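> I'd like to go over a predicted model; first the sequence, then the structure.
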Amino acid sequence: MGWLSVVYGLVSVFILLVNPVSGIGANWGTQASHSLPPETVVNMLKDNGIQKVKLFDADYGALRALGKTRIEVMVGIPNELLASLASSVKAAEKWVAKNVSEHITTNNVNIRYVAVGNEPFLTTYNGSFLRTTFPALANIQSALIKAGLSSQVKVTVPLNADVYASSTSLPSGGDFRTDIHDYMIPIVKYLSDNNAPFTVNIYPFISLYTDSNFPVEYAFFDGNASPLNDGGTYYYNMFDANHDTLVWALQKNGYGNLPIIVGEIGWPTDGDQNANLDYARRFNQGFMNHISGGKGTPMRTGPVDAYLFSLIDEDAKSIQPGNFERHWGVFYSDGSPKYQLNLGTTNSGDLVPAKNVKYLEQKWCVMKPSASLDDPQVAPSVQYACENADCTALGYHTSCGDLDGRGNISYAFNSYYQMNNQLDTACQFPNVSKIVKSDPSVGPCKFRIGIQRYYARADRKNGGLNSPLILVGYLILFLLTIL
């Protein structure tokens, strides 16, 4: 680490010690092939002083583990449930009874919000949820009122920052998108009428990912970018400018005082040339320092209520948006910290890893040394492995981007092998693979050992030999061997 990094780290520690961040939250996603036990994750939240957590569904195990912890919980409703909840008050009452009331009354879970949908107005959804989001929101609120929980539990709709835009490229030109304006205003009014917050997800990384001309320094909080002058108000980073574009949009429509929650903000560490450990640490630490003083943004002073995205990597997420989607965590999937990050919530100033994690054996599946790169079985084997495991660390300027051909093949084989619990049959790519006990990791490219699979309960199948898909996979491998 160079001297500038040391100084930067010391300044971060000093700022957060003087002005500790109050109640930083984290998004806890569970789209992983091998999830940590919920109790392990909750203990990790407590060890790291994380006082708020946002869930994307109402996972029973996660909610049960959060009981009696005082951690504030935002429980989520997936988009695919919006239609049924919008069409039936009874369905909404049943959902609240099962996923909110029961956990509060029987297990003392500190549920504070219900997130109705997840970015339902994304342009990529082509309007699929435009007509169901508001009715679902209203029905869930009615169900909370009937359950006597509306003063404790507030409704909200996590929305992507693409629901608003600026007509002038300045925050003061902000308003809701023309094509969804008539859908947004009823939601905003309803949130205001029920003392509920507006939740927005802000991602400077996505702007950098989608626009090669985006000024890199403007994504960070170091003050190195040329500021944006909005009528004498200067913006030195994208977060403040984007946040205040929303404030202007709310203000223009008569809701300038509506509380705002930043539901997701973060930076991925792999899967793209701009997704790396250095940028992720720089962004997340910069954000923590930026909000630690409680001064807010130029248009909205005061503490920023935010949830980092995300807590843990999820290797089973869709990569349709990009290979980086599986690498947003500040912790790897085994609960080990990726980099030094001071949240201002621990005595050490460092992230605290998950405890008592159970790993698989120290062994890996790699390309057989005697196998030829020209072997006709190599290409279909690699394709199969990557389609059924996670090869997103392979690519241009990624953590494993410098591997040679054999290294790429070995990485693919090992990813499949670990994902399938190191079963011998998962390393039987026809005449081209073998199991080794020496770590094949090279530099920043880590050939990770899997963790033992967690089974939530008897009626929940998480794979193994009971999974029809995995059985089909082994059948394909067998056929490749004999053909």
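Nice, thanks for sending it over.
> Show the contacting residues for the residue nearest in space to the middle of the chain.
Taking CA atoms, centre = their mean, the centroid of the chain lies closest to S310, which sits 3.7 Å from it. Applying CB atoms under 8 Å, 6 or more residues apart in numbering to S310 gives the contacts 26-29, 264, 266, 328-330. For the C-beta atoms, the positions are set from N, CA and C on the backbone; glycine is no exception.
> Of those, which is the nearest to G296?
Of all the contacts of S310, E264 has the smallest distance to G296: 18.3 Å, by CB to CB.
> which stretches of the chain have low pLDDT?
1-23, 457-483 (pLDDT under 70).
> ok now stretch 238-252, how far from the chain's centre?
23 Å (CA atoms, centre = their mean, to the nearest Å).
> So what touches that stretch?
Against stretch 238-252 from outside (CB under 8 Å, 6+ apart): 161, 164-166, 171-176, 188, 198, 200, 202, 204, 207, 218-219, 221, 228, 230, 235, 256, 258, 260, 262, 265, 287, 290, 297-300.
> For this structure, which segments count as helices?
3-18, 38-47, 60-65, 82-87, 89-96, 102-107, 133-146, 181-193, 204-210, 238-252, 277-292, 378-387, 405-419, 468-482 (DSSP state H).
> Now render these as JSON lines, adding distance to V432 and mean neighbour count.
Output for those, formatted as JSON lines (distance: least, CB to CB, whole Å; neighbours: other CB atoms under 10 Å):
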{"stretch": "helix 3-18", "distance to V432": "42", "mean neighbour count": "14"}
{"stretch": "helix 38-47", "distance to V432": "36", "mean neighbour count": "20"}
{"stretch": "helix 60-65", "distance to V432": "39", "mean neighbour count": "19"}
{"stretch": "helix 82-87", "distance to V432": "46", "mean neighbour count": "20"}
{"stretch": "helix 89-96", "distance to V432": "49", "mean neighbour count": "19"}
{"stretch": "helix 102-107", "distance to V432": "49", "mean neighbour count": "14"}
{"stretch": "helix 133-146", "distance to V432": "50", "mean neighbour count": "22"}
{"stretch": "helix 181-193", "distance to V432": "53", "mean neighbour count": "17"}
{"stretch": "helix 204-210", "distance to V432": "35", "mean neighbour count": "19"}
{"stretch": "helix 238-252", "distance to V432": "46", "mean neighbour count": "23"}
{"stretch": "helix 277-292", "distance to V432": "32", "mean neighbour count": "21"}
{"stretch": "helix 378-387", "distance to V432": "6", "mean neighbour count": "18"}
{"stretch": "helix 405-419", "distance to V432": "8", "mean neighbour count": "24"}
{"stretch": "helix 468-482", "distance to V432": "10", "mean neighbour count": "13"}
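> G127 is nearest to which of those helices?
helix 181-193 (9.2 Å).
> helices and strands around the closest one, which ones?
Here helix 181-193 touches helix 133-146, strand 174-176, going by 3 or more CB pairs under 8 Å, 6 or more residues apart in numbering; DSSP states H and E.
> wait, which of the ones you listed is closest to I435?
helix 133-146 (49.7 Å).
> surely C365 meets Q428?
No - between C365 and Q428 there is no contact under CB atoms under 8 Å: 9.2 Å.
> Can you pick out the residue with more neighbours from those two?
C365 (27 against 20; other CB atoms under 10 Å).
> ok, the more buried one to V153 distance?
According to CB to CB, to the nearest Å, C365 and V153 sit 47 Å apart.
> could you redo the helices of the chain as TSV and give each row distance to V352?
Converted to TSV, the helices of the chain look like this (distance: least, CB to CB, whole Å):
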stretch	distance to V352
helix 3-18	15
helix 38-47	4
helix 60-65	17
helix 82-87	37
helix 89-96	34
helix 102-107	25
helix 133-146	35
helix 181-193	35
helix 204-210	25
helix 238-252	26
helix 277-292	16
helix 378-387	33
helix 405-419	25
helix 468-482	34
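> quick one, which of those is nearest to I71?
helix 38-47 (6.1 Å).
> How about the contacts made by R131?
Neighbouring residues of R131 by CB under 8 Å, 6+ apart: A86.
> again, but for the one 3 residues further on
Each residue near F134 by CB under 8 Å, 6+ apart is listed here: 86, 183, 186-187, 190.
> closest to D350 among those residues?
I187 (40.1 Å).
> For that closest one, which residues are in contact?
By CB under 8 Å, 6+ apart, the neighbours of I187 are 133-134, 137, 157.
> Serialize the residues you listed to TSV and add fields for distance to D404.
Listed next are the contacts of I187 as TSV, based on distance: CB to CB, whole Å:
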residue	distance to D404
T133	49
F134	54
L137	53
V157	48
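> For A92, state which of those is nearest.
Using CB to CB, the contacts of I187 come closest to A92 at L137, 9.6 Å.
> who's the spatially closest residue to that closest one that is not a sequence neighbour bridged to?
In space, L137 comes closest to V116 once its chain neighbours are excluded; the distance is 4.6 Å by CB to CB, 6 or more residues apart in numbering. Beta-bridge partners recorded for V116 (DSSP bridges): I77.
> who are the neighbours in contact with V116?
77, 82, 85, 133, 136-137, 140, 155-157.
> Mind putting those into CSV with distance to E314?
Listed next are these as CSV, based on distance: CB to CB, whole Å:
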residue, distance to E314
I77, 19
L82, 22
L85, 25
T133, 24
A136, 25
L137, 26
I140, 26
V155, 26
T156, 22
V157, 22
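> And for W248, nearest residue in space, chain neighbours not counted?
Spatial nearest neighbour of W248, chain neighbours left out: G174 (3.7 Å); criterion: CB to CB, 6+ apart.
> didn't that neighbour look like it was pressed against Y164?
Yes - G174 is in contact with Y164 according to CB under 8 Å; the separation is 5.6 Å.
> now stretch 36-44: how far from the chain's centre is it?
That offset, for stretch 36-44, works out to 16 Å (CA atoms, centre = their mean).
> could I get it in CSV with only the CA atoms?
Extracted in CSV, the C-alpha atoms of stretch 36-44 (Å, rounded to 0.1, in the frame of the first residue of the first chain):
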residue,chain,number,x,y,z
LEU,A,36,-24.4,-18.9,5.0
PRO,A,37,-26.9,-20.0,7.7
PRO,A,38,-29.1,-17.0,8.6
GLU,A,39,-27.9,-17.1,12.2
THR,A,40,-24.3,-16.7,11.0
VAL,A,41,-25.3,-13.7,8.8
VAL,A,42,-27.2,-12.0,11.7
ASN,A,43,-24.2,-12.5,14.0
MET,A,44,-22.0,-10.9,11.4
